[in-house]
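Enquirer: Coordinates for the following, if possible.
(one chain, ligands or ions: 1)
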Amino acid sequence: MAVLEKGNITIHTENIFPIIKKSLYTDHEIFLRELISNGVDATSKLKMASLAGESTGEVPEPKITIAVDSTKKTLSVTDNGIGMTADEVKKYINQVAFSSAEDFITKYEKSASDLIGHFGLGFYSAFMVAKQVEIDTLSYKEGATAVHWSCDGSPEFELIESERKAVGTTITLHLQDEEGEYAEIPRVKQLVKTYCDFIPVKIVLDGEQINRQRAIWKESPQSLTDEDYLEFYRYLYPFQEAPLLWVHLNTDYPFLLNGILYFPKLKPDVDVTKGQMKLFCNQVFVSDSCEEIIPDFLMPLRGVLDSPDIPLNVSRSALTSDRTVKRIADFITKKIGAKLKSIYNEDRSKYISSWADVGTFVKYGCIKDEKFRKQVEDFIIYRTTYGEDAKAEAEAPKVEIQTDSGDDAWESVDDKENTTPSEPYTTLQEYLDRNKEKHENKVFYCSDPSTQGTYVELYKNQGLEVLFLDSFIDTNYFVPFLEREKTDVQFSRVDSELDDTLVEEDKAQEIVDPATNKTRNDIIKEIFEKALDKPQVNIKTQAIKSNDAQGTPPAMVLLPEAMRRLQEMTALMQEKTMDFPDNHILLINTSHPLIQNIIDLNKGSIVDASGNSSNAEFVNMMCLHIYDLALMAQKAFDAEGMKAFVERSNKVLTQLTQK
Ligand SMILES: Nc1ncnc2c1ncn2[C@@H]1O[C@H](COP(=O)(O)OP(=O)(O)OP(=O)(O)O)[C@@H](O)[C@H]1O
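Expert: You can find the predicted model right below:
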């Protein structure tokens, strides 16, 4: 066999292997991705040469074949691509590959582990795991001679003629002793699955195709069905609930970007700070984190991003300030906003059914990104009490959803889920417009339907509309954000105070005890103050409006808005859950018959010689009981509170049945 050339590879660092081994230690496995990528490039170059009329031979179906020998500890990657002539080997391998490797190492010696994708190391990365590398190649060019190149990692190489008959290239790695894992079939399969699953060329090992090959994000959205998107999601995230919606990105100007972003159902156990998006470069997997590329409010999105324009050989910190990356992030944000808008306009029931989760992204995005807020603010929706009755009257399985127009028109939509009918939703603007007459620029909201249900009912019964701002992001961030943004609008939680429209001109202001000049209200207050004996509880009296006095509660606990917010903020800062504040208002509903009964009972209290009165004791007990019932509507009792309540209930019942 003729030796074509023996020589020294012109590299300046005498022995760069120790450096590359050390600096890229953790990522040895990427060598396979680099070799397969080169093979894929070679097949597309052959196709291009053929299209340009440079190749007369038939272009075979592109294929990469991997072979391993675990005894000999060898691994080879064969492609049926363009191949190389002896001159090309000298040029591309001896000069280009090695000099670019040298450049790479001198440039990134210290920060290599910080690089996002390690792309650019190319062919040379084979030496991270091999003690000797051979190239056996035959160029597609007519009359080309097959050549065999071999190098043991020193700057010396040998180039001889080869017997190879098939156009293409085989790279064989004689693995270093400690890298034997790369000659094991399961390990190689796993690497191909990780890095090369979506490479558009068939990868074969042991006669079997081991990559999925199809990358639907590169296909046109028009050619894809919902099932294609869902199937792909299941493939990427097995055993996960179906995504709520998705956005297909494909642009080639001013940068190349393809991808599919899925909105997952947010589960409490999902760590929203950790990205789950996969980053690709020309269908080759690069990284499991896109943290530097996508805006952090979109972090919980899943799916793939593929862009050859994202620089992978810069450090992660440099990436965040890269102009193209910034433009890509803006583009993604804009696309998400546009997609939400189109679903809002075209498929309202889908929009509403995914809102519980999607809304969290949107609200967080509004707080974080001014441009995004402008884009989406018109279709931020809130669950409302408005039209709930209309919904109840509607025939199952139809549900009523408020239309876009903001008037009283309703559109009926089939409830796809068909189990839990959607509730009515509204935008803030619609709410304000609708309630302009009754309470201009004032929003009543409920942050917890289970503890504020009584209050919501009260508002509803009086024809006042309540919005539900009841997610974690609502109470902690979004309501304060809205208040900062909409300074002309006042947000009032249903249990913070009773709106004027809910109370009547008090009938109980007249003096009922001429001896002391006390009004009926003064007396009620006194009875309760004495019974409760809790100076922190501020007892107030008001007559709650109602057509049915029995239907309203005899007393309610109120937490003034400003005070409650302060306590919530403090609790949040201390990372504690807020205890129910001892300082609160107990509002006694003076129009409730029970309160009148208590006054009457109290009047009849006759104190015996020992200073006791059976009525007085009973009145005390009733007051405490009314207070407990009001508290109960707001919070769960602890063990001690519950015990006292149950004991007292039994006493009250016993006494009542004795009479
Ligand atoms: N399997 C192959 N078939 C044909 N030519 C190849 C093959 N592998 C490498 N080459 C040639 O060697 C050159 C250097 O390869 P190397 O992988 O070092 O860098 P690259 O592919 O140009 O860039 P990258 O750093 O992105 O991998 C290639 O540009 C190509 O011309």
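
Enquirer: Show me which residues of the stretch 51-200 of the chain sit near the ligand.
Expert: Residues of the stretch 51-200 of the chain lying close to the ligand (CB under 6 Å from any ligand atom) are 79, 81-82, 84, 92-93, 96-97, 100, 119-120, 122-124, 169. From N, CA and C alone the C-beta is placed, and that goes for glycine too.

Enquirer: try 8 Å this time
Expert: With the criterion set to CB under 8 Å from any ligand atom, the stretch 51-200 of the chain comes near the ligand through 77, 79, 81-84, 88, 92-93, 96-97, 100-101, 119-124, 135, 137, 168-169, 171.

Enquirer: Mind checking which of the residues you listed are in strands?
Expert: 77, 79, 135, 137, 168, 169, 171 (DSSP state E).

Enquirer: Which residue comes closest to the second one once chain neighbours are left out?
Expert: Translated: residue 79. residue 39 (3.3 Å; CB to CB, 6 or more residues apart in numbering).

Enquirer: ok, that neighbour - how many residues close by?
Expert: Residues near residue 39, counting by other CB atoms under 10 Å, number 27.

Enquirer: That one: which element?
Expert: Taking DSSP states H and E as the definition, residue 39 sits inside helix 30-51.

Enquirer: isn't residue 240 right up against residue 264?
Expert: Yes: Residue 240 lies in contact with residue 264 (CB atoms under 8 Å); the separation is 6.9 Å.

Enquirer: Give me the pLDDT for the residue of the chain found nearest the ligand.
Expert: For the chain, the nearest residue to the ligand under the criterion CB to the nearest ligand atom is residue 122, separated by 2.5 Å. Among the per-residue scores, residue 122 holds a pLDDT of 83.

Enquirer: Is it in contact with residue 97, as I believe?
Expert: Yes: taking CB under 8 Å as the definition, residue 122 is a contact partner of residue 97 at 5.8 Å.

Enquirer: Give me the buried positions along the helix holding residue 39.
Expert: Of all the residues in helix 30-51, those buried under the rule 16 or more other CB atoms under 10 Å are 30-40, 42-43, 46, 49-50.

Enquirer: cool, and stretch 523-534?
Expert: Neighbour counts using 16+ other CB under 10 Å place 523, 524, 525, 527, 528, 529, 531, 532 of stretch 523-534 among the buried residues.

Enquirer: returning to what we had before: give me the buried entries from the residues of the stretch 51-200 of the chain next to the ligand.
Expert: Among those, the ones that count as buried by 16+ other CB under 10 Å are 77, 79, 81-84, 88, 93, 97, 101, 119-124, 135, 137, 168-169, 171.

Enquirer: Please give the element, helix or strand, for the nearest residue to residue 292 once chain neighbours are set aside.
Expert: If the residues on either side of it in the chain are set aside, residue 292 comes closest to residue 319, at 4.3 Å by CB to CB, 6+ apart. Counting by DSSP H and E, the element that carries residue 319 is helix 316-320.

Enquirer: Ok, residue 423 next?
Expert: Residue 423 is part of no helix or strand when elements are defined by DSSP H and E.

Enquirer: which one is it nearest to, not counting chain neighbours?
Expert: Leaving aside its chain neighbours, residue 423 sits nearest to residue 383 (5.2 Å; criterion: CB to CB, 6+ apart).

Enquirer: part of a strand, is the one you found?
Expert: Yes: with DSSP: H, G, I helix; E, B strand; the rest coil as the criterion, residue 383 is located in a strand.

Enquirer: need the contact list for it.
Expert: 423, 424, 425, 467, 468, 470 (CB atoms under 8 Å, 6 or more residues apart in numbering).

Enquirer: still on that earlier bit, which residues does the residue of the chain closest to the ligand contact?
Expert: With contact set as CB under 8 Å, 6+ apart, residue 122 has these partners: 34, 38, 97, 100, 101.

Enquirer: any idea how far it is from residue 577?
Expert: In this structure, residue 122 and residue 577 are separated by 54 Å, where distance is defined by CB to CB, to the nearest Å.

Enquirer: Filter the buried residues of stretch 523-534 down to the ones in helices?
Expert: 523, 524, 525, 527, 528, 529, 531, 532 (DSSP state H).

Enquirer: mind putting those in TSV, distance to the ligand included?
Expert: Conversion of these to TSV gives the following (distance: CB to the nearest ligand atom, whole Å):
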residue	distance to the ligand
523	88
524	83
525	82
527	85
528	80
529	81
531	82
532	77
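
Enquirer: ok, back up a step: let me know the closest of the contacts of residue 122 to residue 335.
Expert: Here the nearest of the contacts of residue 122 to residue 335, counting by CB to CB, is residue 34; it sits at 31.5 Å.

Enquirer: tally of neighbours for the closest residue to the closest one other than its chain neighbours?
Expert: Excluding the flanking residues, the one nearest residue 34 by CB to CB, 6+ apart is residue 125, at 4.7 Å. Applying other CB under 10 Å, we find 25 residues neighbouring residue 125.

Enquirer: Contact residues of this protein facing the ligand?
Expert: 34-35, 37-39, 41-42, 45, 77, 79, 81-84, 88, 92-93, 96-97, 100-101, 119-124, 135, 137, 168-169, 171.

Enquirer: now do 5 Å
Expert: Residues of the chain that fall close to the ligand, judged by CB under 5 Å from any ligand atom: 38, 39, 42, 92, 96, 97, 120, 122, 123, 169.

Enquirer: Now do the same contact list for the fifth one.
Expert: With CB under 8 Å, 6+ apart as the criterion, no residue contacts residue 96.

Enquirer: Show the pLDDT at it.
Expert: pLDDT for residue 96: 72.

Enquirer: Report the separation between it and residue 83.
Expert: 16 Å.

Enquirer: Does the residue nearest to residue 79 touch residue 65 like I think?
Expert: No: Residue 39 lies out of contact with residue 65 (CB under 8 Å); the separation is 9.1 Å.

Enquirer: quick one: least confident helix or strand in the chain?
Expert: Counting by mean pLDDT, DSSP states H and E, the chain has its least confident helix or strand at strand 410-414, which shows a mean of 33.

Enquirer: Report all helices and strands that the helix or strand just after that strand contacts.
Expert: Proceeding N to C from strand 410-414, the next assigned helix or strand is strand 425-427, under DSSP H and E. Other elements packing on strand 425-427 under the criterion 3 or more CB pairs under 8 Å, 6 or more residues apart in numbering; DSSP states H and E are strand 381-384, strand 398-402.

Enquirer: Which of those strands has the lowest mean pLDDT?
Expert: For these, the weakest mean pLDDT is recorded on strand 398-402, namely a mean of 38.

Enquirer: Pull out the buried residues from the longest helix anywhere in the chain.
Expert: The longest helix of the chain (DSSP H) is helix 323-346. Of all the residues in helix 323-346, those buried under the rule 16+ other CB under 10 Å are 324-325, 328-329, 332-333, 335-337, 339-340, 343-344.
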